[in-house]
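1. this one's sequence-less:
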Ligand code: AHR
(Lines give C-alpha, C1' and ligand atoms only; values in the text may rest on other atoms or scores of the structure.)
Protein backbone atom coordinates (compact mmCIF):
# COMPACT_ATOMS: atom_id res chain seq x y z
CA UNK A 1 0.00 0.00 0.00
CA UNK A 2 1.39 3.40 -0.99
CA UNK A 3 0.56 5.99 1.62
CA UNK A 4 -0.04 9.37 -0.02
CA UNK A 5 0.37 12.20 2.51
CA UNK A 6 -1.44 15.54 2.36
CA UNK A 7 1.95 17.29 2.27
CA UNK A 8 3.71 18.49 -0.87
CA UNK A 9 7.31 19.57 -1.35
CA UNK A 10 7.66 21.53 -4.59
CA UNK A 11 5.99 22.40 -7.88
CA UNK A 12 6.71 20.17 -10.88
CA UNK A 13 7.62 22.86 -13.39
CA UNK A 14 5.71 22.28 -16.63
CA UNK A 15 8.96 23.01 -18.50
CA UNK A 16 10.20 19.55 -17.42
CA UNK A 17 7.99 18.49 -20.35
CA UNK A 18 10.02 20.67 -22.74
CA UNK A 19 11.05 19.65 -26.24
CA UNK A 20 14.13 20.10 -28.38
CA UNK A 21 14.16 20.69 -32.16
CA UNK A 22 17.53 20.91 -33.91
CA UNK A 23 18.46 21.41 -37.54
CA UNK A 24 19.38 17.76 -37.80
CA UNK A 25 18.14 15.22 -40.33
CA UNK A 26 14.39 15.49 -40.87
CA UNK A 27 13.64 17.14 -37.54
CA UNK A 28 12.82 20.60 -38.82
CA UNK A 29 12.77 20.29 -42.61
CA UNK A 30 10.03 17.71 -43.33
CA UNK A 31 9.16 17.05 -39.69
CA UNK A 32 7.99 20.55 -38.83
CA UNK A 33 8.65 22.81 -41.77
CA UNK A 34 7.32 21.96 -45.23
CA UNK A 35 7.04 25.47 -46.64
CA UNK A 36 3.98 27.46 -47.56
CA UNK A 37 3.67 25.95 -51.05
CA UNK A 38 3.72 22.34 -49.89
CA UNK A 39 0.86 19.92 -50.65
CA UNK A 40 1.19 18.75 -47.06
CA UNK A 41 -1.39 20.71 -45.04
CA UNK A 42 0.39 23.58 -43.30
CA UNK A 43 -0.12 26.95 -41.71
CA UNK A 44 2.53 29.44 -42.72
CA UNK A 45 4.76 26.54 -43.79
CA UNK A 46 4.42 24.54 -40.55
CA UNK A 47 2.71 21.12 -40.65
CA UNK A 48 -0.77 21.26 -39.17
CA UNK A 49 -0.81 17.54 -38.24
CA UNK A 50 2.40 17.90 -36.22
CA UNK A 51 1.24 21.05 -34.44
CA UNK A 52 -2.15 19.46 -33.74
CA UNK A 53 -0.56 16.39 -32.14
CA UNK A 54 1.94 18.45 -30.13
CA UNK A 55 -0.76 20.75 -28.80
CA UNK A 56 -2.49 17.68 -27.31
CA UNK A 57 0.52 17.03 -25.07
CA UNK A 58 0.81 20.69 -24.07
CA UNK A 59 4.39 21.42 -25.13
CA UNK A 60 5.55 24.19 -22.76
CA UNK A 61 8.87 25.19 -24.35
CA UNK A 62 10.95 24.29 -27.43
CA UNK A 63 14.74 24.50 -27.45
CA UNK A 64 16.21 25.55 -30.84
CA UNK A 65 18.32 25.68 -33.13
CA UNK A 66 20.62 23.03 -31.58
CA UNK A 67 22.49 21.08 -30.22
CA UNK A 68 25.82 21.00 -31.96
CA UNK A 69 24.19 22.93 -34.79
CA UNK A 70 23.75 25.95 -32.51
CA UNK A 71 27.50 26.57 -32.36
CA UNK A 72 27.77 26.89 -36.13
CA UNK A 73 24.51 28.75 -36.65
CA UNK A 74 24.75 32.35 -37.79
CA UNK A 75 21.26 33.70 -37.32
CA UNK A 76 21.48 36.50 -39.90
CA UNK A 77 21.61 33.84 -42.66
CA UNK A 78 18.16 32.70 -41.58
CA UNK A 79 16.18 35.95 -41.76
CA UNK A 80 14.82 38.03 -44.62
CA UNK A 81 14.00 37.20 -48.23
CA UNK A 82 17.49 36.11 -49.24
CA UNK A 83 18.29 33.12 -47.03
CA UNK A 84 21.87 31.94 -47.14
CA UNK A 85 22.32 28.17 -47.15
CA UNK A 86 25.13 26.58 -45.13
CA UNK A 87 26.68 23.15 -44.72
CA UNK A 88 25.44 21.24 -41.71
CA UNK A 89 28.85 19.82 -40.84
CA UNK A 90 27.73 17.97 -37.72
CA UNK A 91 24.74 16.23 -39.19
CA UNK A 92 25.35 14.47 -42.49
CA UNK A 93 27.20 17.31 -44.25
CA UNK A 94 23.98 18.25 -46.05
CA UNK A 95 23.06 21.75 -47.15
CA UNK A 96 20.87 23.53 -44.63
CA UNK A 97 18.71 25.98 -46.59
CA UNK A 98 18.04 28.21 -43.57
CA UNK A 99 14.40 28.54 -44.65
CA UNK A 100 13.33 27.94 -41.08
CA UNK A 101 14.93 30.75 -39.09
CA UNK A 102 14.05 33.10 -36.25
CA UNK A 103 10.68 34.23 -37.65
CA UNK A 104 9.57 30.69 -38.45
CA UNK A 105 10.64 29.48 -34.98
CA UNK A 106 8.48 32.09 -33.30
CA UNK A 107 5.62 31.20 -35.65
CA UNK A 108 5.97 27.58 -34.44
CA UNK A 109 5.93 28.72 -30.80
CA UNK A 110 2.87 30.83 -31.49
CA UNK A 111 1.05 27.85 -33.01
CA UNK A 112 2.07 25.61 -30.10
CA UNK A 113 1.53 28.28 -27.44
CA UNK A 114 5.00 27.46 -26.11
CA UNK A 115 7.91 29.47 -24.69
CA UNK A 116 11.23 30.18 -26.40
CA UNK A 117 14.54 28.59 -25.44
CA UNK A 118 17.14 29.76 -27.93
CA UNK A 119 20.65 28.38 -27.86
CA UNK A 120 23.29 30.94 -28.85
CA UNK A 121 26.55 30.35 -30.71
CA UNK A 122 29.72 30.58 -28.61
CA UNK A 123 31.81 27.97 -30.45
CA UNK A 124 32.09 29.75 -33.82
CA UNK A 125 30.12 32.94 -33.19
CA UNK A 126 30.91 36.31 -31.72
CA UNK A 127 29.68 38.36 -28.80
CA UNK A 128 28.41 40.89 -31.34
CA UNK A 129 26.26 38.24 -33.06
CA UNK A 130 24.67 37.23 -29.76
CA UNK A 131 24.13 40.85 -28.79
CA UNK A 132 22.56 41.69 -32.18
CA UNK A 133 20.32 38.62 -32.09
CA UNK A 134 18.95 39.59 -28.68
CA UNK A 135 18.29 43.11 -29.96
CA UNK A 136 16.69 41.78 -33.14
CA UNK A 137 14.33 39.57 -31.18
CA UNK A 138 13.45 41.61 -28.13
CA UNK A 139 14.14 45.32 -28.62
CA UNK A 140 11.21 47.68 -29.21
CA UNK A 141 12.88 50.78 -30.66
CA UNK A 142 14.17 52.36 -33.82
CA UNK A 143 17.66 50.93 -33.28
CA UNK A 144 19.17 49.13 -36.30
CA UNK A 145 18.46 45.53 -35.29
CA UNK A 146 14.86 46.31 -34.31
CA UNK A 147 14.42 48.12 -37.61
CA UNK A 148 15.80 45.12 -39.48
CA UNK A 149 13.23 42.88 -37.77
CA UNK A 150 10.45 45.27 -38.80
CA UNK A 151 11.82 45.36 -42.33
CA UNK A 152 11.49 41.57 -42.34
CA UNK A 153 7.84 41.84 -41.44
CA UNK A 154 7.68 41.68 -37.65
CA UNK A 155 6.77 44.94 -35.95
CA UNK A 156 6.54 43.81 -32.34
CA UNK A 157 9.46 42.22 -30.50
CA UNK A 158 9.09 38.62 -29.36
CA UNK A 159 9.55 37.22 -25.88
CA UNK A 160 12.68 35.15 -25.29
CA UNK A 161 12.19 33.39 -21.99
CA UNK A 162 15.43 31.35 -22.05
CA UNK A 163 18.78 31.85 -23.79
CA UNK A 164 21.52 29.21 -23.75
CA UNK A 165 25.12 30.43 -23.96
CA UNK A 166 26.78 27.73 -26.07
CA UNK A 167 26.02 24.01 -26.30
CA UNK A 168 28.29 21.16 -25.27
CA UNK A 169 31.16 23.64 -25.14
CA UNK A 170 33.27 20.78 -23.76
CA UNK A 171 32.79 18.93 -27.08
CA UNK A 172 31.15 19.88 -30.39
CA UNK A 173 30.68 23.46 -29.16
CA UNK A 174 34.38 24.31 -29.04
CA UNK A 175 36.27 21.60 -27.11
CA UNK A 176 36.78 23.97 -24.22
CA UNK A 177 38.09 23.37 -20.74
CA UNK A 178 35.72 24.26 -17.92
CA UNK A 179 37.54 27.37 -16.73
CA UNK A 180 37.92 28.62 -20.29
CA UNK A 181 34.19 28.21 -20.79
CA UNK A 182 33.35 29.85 -17.46
CA UNK A 183 35.30 32.96 -18.50
CA UNK A 184 33.67 33.05 -21.93
CA UNK A 185 30.26 32.49 -20.35
CA UNK A 186 30.75 35.54 -18.13
CA UNK A 187 31.61 37.64 -21.15
CA UNK A 188 28.88 36.44 -23.55
CA UNK A 189 26.07 36.55 -21.01
CA UNK A 190 26.80 40.22 -20.33
CA UNK A 191 25.35 41.04 -23.74
CA UNK A 192 22.21 39.00 -23.28
CA UNK A 193 20.46 42.20 -22.24
CA UNK A 194 16.91 42.49 -21.04
CA UNK A 195 15.15 45.02 -23.28
CA UNK A 196 11.53 44.02 -22.87
CA UNK A 197 9.52 43.31 -19.76
CA UNK A 198 10.18 39.58 -19.93
CA UNK A 199 13.39 38.65 -18.13
CA UNK A 200 15.64 36.37 -20.17
CA UNK A 201 16.82 33.42 -18.10
CA UNK A 202 20.44 32.76 -18.99
CA UNK A 203 21.45 29.11 -19.23
CA UNK A 204 25.10 28.12 -19.01
CA UNK A 205 26.41 25.03 -20.75
CA UNK A 206 26.61 22.25 -18.21
CA UNK A 207 28.23 18.88 -17.96
CA UNK A 208 28.11 15.74 -19.99
CA UNK A 209 26.81 12.86 -17.83
CA UNK A 210 29.21 12.37 -14.89
CA UNK A 211 31.67 15.19 -15.59
CA UNK A 212 31.36 16.61 -12.08
CA UNK A 213 34.48 18.74 -12.49
CA UNK A 214 32.74 20.76 -15.19
CA UNK A 215 29.82 21.55 -12.87
CA UNK A 216 32.14 22.44 -10.03
CA UNK A 217 34.38 24.79 -12.03
CA UNK A 218 31.58 26.52 -13.92
CA UNK A 219 29.50 27.02 -10.77
CA UNK A 220 32.53 28.26 -8.81
CA UNK A 221 33.39 30.85 -11.44
CA UNK A 222 30.11 31.96 -12.95
CA UNK A 223 27.12 30.92 -10.80
CA UNK A 224 26.18 34.49 -9.94
CA UNK A 225 25.71 35.28 -13.66
CA UNK A 226 23.44 32.39 -14.55
CA UNK A 227 19.83 31.35 -14.01
CA UNK A 228 20.32 27.79 -15.12
CA UNK A 229 23.02 25.22 -15.77
CA UNK A 230 22.38 22.44 -18.24
CA UNK A 231 23.07 18.70 -18.06
CA UNK A 232 23.15 16.24 -20.95
CA UNK A 233 22.68 12.55 -20.41
CA UNK A 234 21.54 10.06 -23.04
CA UNK A 235 20.41 6.49 -22.46
CA UNK A 236 22.43 4.02 -24.51
CA UNK A 237 21.65 0.32 -24.21
CA UNK A 238 25.39 -0.33 -24.06
CA UNK A 239 28.34 1.66 -22.81
CA UNK A 240 29.61 1.92 -26.37
CA UNK A 241 28.83 4.68 -28.85
CA UNK A 242 29.60 2.24 -31.68
CA UNK A 243 27.11 -0.57 -32.11
CA UNK A 244 24.50 0.84 -29.75
CA UNK A 245 21.94 -1.67 -31.00
CA UNK A 246 18.68 -1.56 -32.86
CA UNK A 247 15.74 0.50 -31.64
CA UNK A 248 13.32 -2.34 -32.34
CA UNK A 249 15.25 -5.63 -32.36
CA UNK A 250 16.58 -6.18 -28.85
CA UNK A 251 16.76 -9.00 -26.35
CA UNK A 252 15.83 -9.06 -22.66
CA UNK A 253 19.38 -8.16 -21.68
CA UNK A 254 19.31 -4.98 -23.80
CA UNK A 255 15.90 -4.10 -22.31
CA UNK A 256 17.18 -4.34 -18.75
CA UNK A 257 20.46 -2.63 -19.59
CA UNK A 258 18.54 0.27 -21.15
CA UNK A 259 16.43 0.60 -18.00
CA UNK A 260 19.54 0.41 -15.81
CA UNK A 261 21.31 3.12 -17.81
CA UNK A 262 18.20 5.30 -17.63
CA UNK A 263 17.98 5.01 -13.86
CA UNK A 264 21.52 6.36 -13.64
CA UNK A 265 19.91 9.74 -14.24
CA UNK A 266 18.83 9.75 -10.57
CA UNK A 267 22.42 9.41 -9.37
CA UNK A 268 23.67 12.02 -11.85
CA UNK A 269 21.16 14.71 -10.93
CA UNK A 270 21.76 13.99 -7.24
CA UNK A 271 25.53 14.37 -7.57
CA UNK A 272 25.42 17.43 -9.82
CA UNK A 273 22.77 18.86 -7.48
CA UNK A 274 25.07 18.44 -4.47
CA UNK A 275 27.81 20.37 -6.26
CA UNK A 276 25.36 23.12 -7.21
CA UNK A 277 24.18 23.25 -3.56
CA UNK A 278 27.75 24.10 -2.50
CA UNK A 279 27.64 27.36 -4.46
CA UNK A 280 23.90 27.94 -4.50
CA UNK A 281 22.25 26.47 -1.39
CA UNK A 282 19.07 28.47 -2.05
CA UNK A 283 18.68 26.64 -5.38
CA UNK A 284 18.33 29.88 -7.33
CA UNK A 285 20.15 28.39 -10.32
CA UNK A 286 18.00 25.77 -12.03
CA UNK A 287 19.32 22.47 -13.32
CA UNK A 288 18.18 22.23 -16.94
CA UNK A 289 18.40 18.72 -18.40
CA UNK A 290 18.16 20.06 -21.92
CA UNK A 291 19.14 16.84 -23.71
CA UNK A 292 17.96 13.41 -22.59
CA UNK A 293 16.48 10.28 -24.11
CA UNK A 294 17.47 7.12 -25.92
CA UNK A 295 20.14 6.91 -28.60
CA UNK A 296 20.24 3.75 -30.74
CA UNK A 297 21.61 2.81 -34.14
CA UNK A 298 19.73 4.60 -36.91
CA UNK A 299 17.00 2.76 -38.78
CA UNK A 300 18.53 0.55 -41.50
CA UNK A 301 18.96 2.35 -44.81
CA UNK A 302 18.74 5.86 -43.36
CA UNK A 303 21.50 8.48 -43.27
CA UNK A 304 23.69 7.78 -40.19
CA UNK A 305 23.99 11.55 -39.68
CA UNK A 306 20.22 11.98 -39.41
CA UNK A 307 19.74 10.02 -36.15
CA UNK A 308 16.36 8.66 -37.23
CA UNK A 309 15.28 5.84 -34.91
CA UNK A 310 12.07 3.97 -34.13
CA UNK A 311 10.44 4.13 -30.73
CA UNK A 312 8.98 1.17 -28.80
CA UNK A 313 7.52 0.36 -25.40
CA UNK A 314 11.12 0.38 -24.17
CA UNK A 315 11.23 4.11 -24.95
CA UNK A 316 7.91 4.62 -23.17
CA UNK A 317 9.46 3.16 -20.01
CA UNK A 318 12.60 5.29 -20.43
CA UNK A 319 10.45 8.42 -20.76
CA UNK A 320 8.36 7.61 -17.68
CA UNK A 321 11.37 6.76 -15.51
CA UNK A 322 13.18 9.96 -16.46
CA UNK A 323 10.08 12.09 -15.87
CA UNK A 324 9.61 10.47 -12.45
CA UNK A 325 13.22 11.34 -11.58
CA UNK A 326 12.73 14.94 -12.75
CA UNK A 327 9.61 15.18 -10.57
CA UNK A 328 11.47 13.93 -7.49
CA UNK A 329 14.27 16.46 -8.05
CA UNK A 330 11.95 19.26 -9.14
CA UNK A 331 13.21 21.58 -6.42
CA UNK A 332 16.35 21.97 -8.57
CA UNK A 333 15.34 20.67 -12.03
CA UNK A 334 13.11 23.30 -13.54
CA UNK A 335 13.36 22.41 -17.22
CA UNK A 336 14.16 19.34 -19.30
CA UNK A 337 14.08 18.94 -23.07
CA UNK A 338 13.80 15.48 -24.55
CA UNK A 339 15.91 14.88 -27.66
CA UNK A 340 14.15 15.38 -29.97
CA UNK A 341 10.62 16.44 -30.92
CA UNK A 342 10.16 14.98 -34.43
CA UNK A 343 12.08 12.34 -36.47
CA UNK A 344 15.28 12.42 -34.39
CA UNK A 345 16.36 10.15 -31.49
CA UNK A 346 13.57 9.60 -28.91
CA UNK A 347 10.92 11.46 -30.86
CA UNK A 348 7.29 12.24 -30.08
CA UNK A 349 6.32 11.98 -33.73
CA UNK A 350 7.65 10.31 -36.88
CA UNK A 351 6.78 11.51 -40.36
CA UNK A 352 7.06 10.05 -43.84
CA UNK A 353 5.94 12.46 -46.54
CA UNK A 354 2.40 13.47 -45.65
CA UNK A 355 2.02 10.65 -43.09
CA UNK A 356 2.63 11.06 -39.37
CA UNK A 357 2.58 8.58 -36.48
CA UNK A 358 2.70 9.09 -32.74
CA UNK A 359 5.26 7.12 -30.74
CA UNK A 360 4.91 5.32 -27.38
CA UNK A 361 6.94 8.19 -25.89
CA UNK A 362 4.31 10.64 -27.14
CA UNK A 363 1.65 8.69 -25.26
CA UNK A 364 3.67 8.87 -22.03
CA UNK A 365 3.90 12.66 -22.40
CA UNK A 366 0.13 12.66 -22.89
CA UNK A 367 -0.45 10.41 -19.84
CA UNK A 368 1.80 12.63 -17.73
CA UNK A 369 0.41 15.99 -18.85
CA UNK A 370 -1.59 16.51 -15.65
CA UNK A 371 1.65 16.56 -13.66
CA UNK A 372 2.60 19.83 -15.36
CA UNK A 373 2.72 22.61 -12.73
CA UNK A 374 1.21 20.26 -10.12
CA UNK A 375 2.56 19.91 -6.58
CA UNK A 376 4.85 16.97 -6.00
CA UNK A 377 3.66 14.57 -3.31
CA UNK A 378 6.41 12.57 -1.58
CA UNK A 379 4.42 9.33 -1.37
CA UNK A 380 5.88 6.40 0.47
CA UNK A 381 5.66 3.12 -1.36
CA UNK A 382 8.45 1.19 0.21
CA UNK A 383 6.16 -1.47 1.60
CA UNK A 384 5.32 -2.34 -1.98
CA UNK A 385 8.90 -2.08 -3.12
CA UNK A 386 7.98 0.71 -5.49
CA UNK A 387 9.81 3.68 -4.07
CA UNK A 388 11.92 5.21 -6.75
CA UNK A 389 15.04 3.31 -7.53
CA UNK A 390 14.75 0.32 -5.23
CA UNK A 391 15.32 -2.16 -8.00
CA UNK A 392 11.81 -3.52 -7.85
CA UNK A 393 10.99 -3.30 -11.55
CA UNK A 394 8.45 -0.55 -10.96
CA UNK A 395 8.43 3.12 -10.15
CA UNK A 396 5.72 5.67 -9.55
CA UNK A 397 5.09 9.37 -9.07
CA UNK A 398 2.24 11.30 -7.45
CA UNK A 399 1.21 14.94 -7.77
CA UNK A 400 -1.78 17.06 -6.88
CA UNK A 401 -3.46 19.95 -8.66
CA UNK A 402 -6.96 21.44 -8.76
CA UNK A 403 -8.30 19.18 -6.01
CA UNK A 404 -7.22 15.99 -7.79
CA UNK A 405 -4.37 13.51 -7.40
CA UNK A 406 -2.50 12.09 -10.38
CA UNK A 407 -0.66 8.80 -9.94
CA UNK A 408 1.57 7.47 -12.70
CA UNK A 409 3.27 4.09 -12.52
CA UNK A 410 5.85 2.49 -14.79
CA UNK A 411 6.30 -1.29 -14.77
CA UNK A 412 9.43 -2.45 -16.53
CA UNK A 413 9.08 -6.13 -15.66
CA UNK A 414 8.97 -8.24 -18.81
CA UNK A 415 6.87 -10.93 -17.12
CA UNK A 416 4.84 -9.63 -14.20
CA UNK A 417 1.86 -7.32 -13.96
CA UNK A 418 1.92 -4.81 -11.12
CA UNK A 419 -0.91 -4.04 -8.73
CA UNK A 420 -0.83 -0.47 -7.43
CA UNK A 421 -2.69 0.28 -4.18
CA UNK A 422 -2.82 3.76 -2.73
CA UNK A 423 -4.30 5.41 0.30
CA UNK A 424 -5.08 9.05 -0.45
CA UNK A 425 -5.49 11.87 2.11
CA UNK A 426 -9.26 12.10 1.49
CA UNK A 427 -12.17 10.14 0.06
CA UNK A 428 -12.15 9.71 -3.70
CA UNK A 429 -15.02 11.57 -5.35
CA UNK A 430 -14.50 10.69 -9.01
CA UNK A 431 -12.11 9.04 -11.46
CA UNK A 432 -11.00 11.69 -13.93
CA UNK A 433 -8.58 9.60 -15.95
CA UNK A 434 -7.47 5.96 -15.90
CA UNK A 435 -5.36 5.02 -18.91
CA UNK A 436 -2.18 3.25 -19.83
CA UNK A 437 0.16 2.93 -22.75
CA UNK A 438 0.77 -0.68 -23.60
CA UNK A 439 1.79 -2.83 -26.53
CA UNK A 440 1.60 -6.62 -27.04
CA UNK A 441 5.38 -6.95 -26.86
CA UNK A 442 8.27 -5.00 -25.33
CA UNK A 443 9.24 -3.87 -28.83
CA UNK A 444 5.74 -2.95 -29.98
CA UNK A 445 5.79 0.27 -31.94
CA UNK A 446 3.80 2.28 -34.44
CA UNK A 447 4.64 2.23 -38.12
CA UNK A 448 3.20 3.99 -41.14
CA UNK A 449 1.42 0.76 -42.09
CA UNK A 450 0.31 -0.02 -38.53
CA UNK A 451 -0.01 3.40 -36.88
CA UNK A 452 -2.12 2.30 -33.90
CA UNK A 453 -0.22 -0.73 -32.62
CA UNK A 454 0.61 1.18 -29.44
CA UNK A 455 -1.83 3.63 -27.94
CA UNK A 456 -3.77 4.48 -24.83
CA UNK A 457 -6.20 1.97 -23.33
CA UNK A 458 -8.48 2.33 -20.33
CA UNK A 459 -7.50 0.88 -16.93
CA UNK A 460 -10.01 -0.59 -14.49
CA UNK A 461 -9.86 1.00 -11.05
CA UNK A 462 -11.28 -0.17 -7.72
CA UNK A 463 -12.20 2.63 -5.31
CA UNK A 464 -13.20 2.26 -1.66
CA UNK A 465 -13.28 5.43 0.43
CA UNK A 466 -9.80 6.90 0.15
CA UNK A 467 -8.30 3.78 -1.46
CA UNK A 468 -7.48 3.40 -5.13
CA UNK A 469 -6.33 0.17 -6.73
CA UNK A 470 -5.40 -0.61 -10.29
CA UNK A 471 -3.20 -3.09 -12.14
CA UNK A 472 -0.88 -2.43 -15.04
CA UNK A 473 0.54 -5.26 -17.17
CA UNK A 474 4.20 -6.06 -17.83
CA UNK A 475 6.10 -3.40 -19.81
CA UNK A 476 3.51 -0.66 -19.50
CA UNK A 477 2.98 2.84 -18.09
CA UNK A 478 -0.31 3.93 -16.52
CA UNK A 479 -1.90 7.04 -15.04
CA UNK A 480 -4.90 7.34 -12.73
CA UNK A 481 -6.24 10.76 -11.79
CA UNK A 482 -8.89 11.05 -9.12
CA UNK A 483 -10.80 13.86 -7.45
CA UNK A 484 -10.42 13.82 -3.66
CA UNK A 485 -12.63 15.34 -0.97
CA UNK A 486 -10.97 18.31 0.72
O1 LIG B 1 20.69 15.60 -29.93
C2 LIG B 1 21.74 15.29 -30.79
C3 LIG B 1 23.06 15.89 -30.36
O4 LIG B 1 23.47 15.32 -29.16
C5 LIG B 1 23.08 17.36 -30.07
O6 LIG B 1 23.25 18.13 -31.21
C7 LIG B 1 24.28 17.51 -29.18
O8 LIG B 1 24.16 18.60 -28.30
C9 LIG B 1 24.36 16.17 -28.47
O10 LIG B 1 25.62 15.64 -28.54
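-> Received it, and whenever you're ready, just let me know what you need. The structure displayed is predicted, hence computed values, not measured ones.
2. alpha carbons only for contacts and neighbour counts from here, please
-> OK.
3. pick out the residue in the stretch 51-200 of the chain sitting closest to the ligand.
-> Nearest residue of the stretch 51-200 of the chain to the ligand, counting by CA to the nearest ligand atom: residue 67, 3.2 Å away.
4. would you confirm that that residue contacts residue 88?
-> No - look at residue 67 against residue 88 with CA atoms under 8 Å: they stay out of range, at 11.9 Å.
5. neighbour count winner among these two?
-> residue 67 (25 against 19; other CA atoms under 10 Å).
6. for the ligand, what's its nearest residue on the stretch 201-350 of the chain.
-> residue 339 (5.3 Å).
7. okay, now the residue lying closest to residue 200 once chain neighbours are set aside: neighbour count?
-> If the residues on either side of it in the chain are set aside, residue 200 comes closest to residue 161, at 4.9 Å by CA to CA, 6 or more residues apart in numbering. By other CA under 10 Å, 15 other residues sit near residue 161.
8. pull the contacting residues for residue 161.
-> 115-117, 198-201 (CA atoms under 8 Å, 6 or more residues apart in numbering).
9. hmm, try it at 10 Å
-> With contacts defined as CA atoms under 10 Å, 6 or more residues apart in numbering, residue 161 is in contact with 61, 115-118, 198-202.
10. write the PyMOL selection for whichever of these are buried.
-> This is how PyMOL selects the buried members of the contacts of residue 161, with burial counted by 16 or more other CA atoms under 10 Å:
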select buried, resi 61+115+116+117+118+200+201+202
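11. distance of the residue of the stretch 201-350 of the chain closest to the ligand relative to residue 250?
-> Going from residue 339 to residue 250 by CA to CA, to the nearest Å gives 21 Å.
12. can you measure across stretch 153-169, start residue to end residue?
-> 34 Å.
13. buried stuff in that stretch?
-> Quick answer for stretch 153-169 (16+ other CA under 10 Å): 157-160, 162-169.
14. which of residue 339 and residue 250 has more neighbours?
-> Between residue 339 and residue 250, counted using other CA under 10 Å, residue 339 has the larger neighbour count: 27 against 14.
15. for the closest residue to residue 448 other than its chain neighbours, pull up the helix or strand it's in.
-> Closest residue to residue 448 apart from its sequence neighbours, by CA to CA, 6+ apart: residue 357 at 6.6 Å. With secondary structure defined by DSSP states H and E, residue 357 is part of strand 355-358.
16. so what touches that strand?
-> So strand 355-358 is contacted by 31, 40, 49-50, 53-54, 311, 342-343, 347-351, 445-452, 454-455 (CA under 10 Å, 6+ apart).
17. just the buried residues of those residues.
-> Buried, going by 16+ other CA under 10 Å: 31, 40, 49-50, 53-54, 311, 342-343, 347-351, 445-447, 454-455, out of those.
18. mark which of these are part of helices, please.
-> Per DSSP state H, helices hold the following members of those: 49-50, 53-54.
19. output these in CSV; the columns should cover distance to the ligand and pLDDT.
-> CSV is the format used below for these (distance: CA to the nearest ligand atom, whole Å; pLDDT from 0 to 100):
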residue, distance to the ligand, pLDDT
49, 23, 98
50, 19, 98
53, 21, 98
54, 19, 98
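20. got the phi/psi numbers for residue 102?
-> phi -60, psi -50 (degrees, to the nearest 10).
21. still on that earlier bit, and for residue 67 and residue 88, which residues touch both?
-> 23-24.
22. after the helix or strand hosting residue 396 comes which helix or strand?
-> In this assignment (DSSP H and E), residue 396 forms part of strand 394-401. Downstream of strand 394-401, the first helix or strand assigned by DSSP H and E is strand 404-411.
23. I am finished for the moment; much appreciated.
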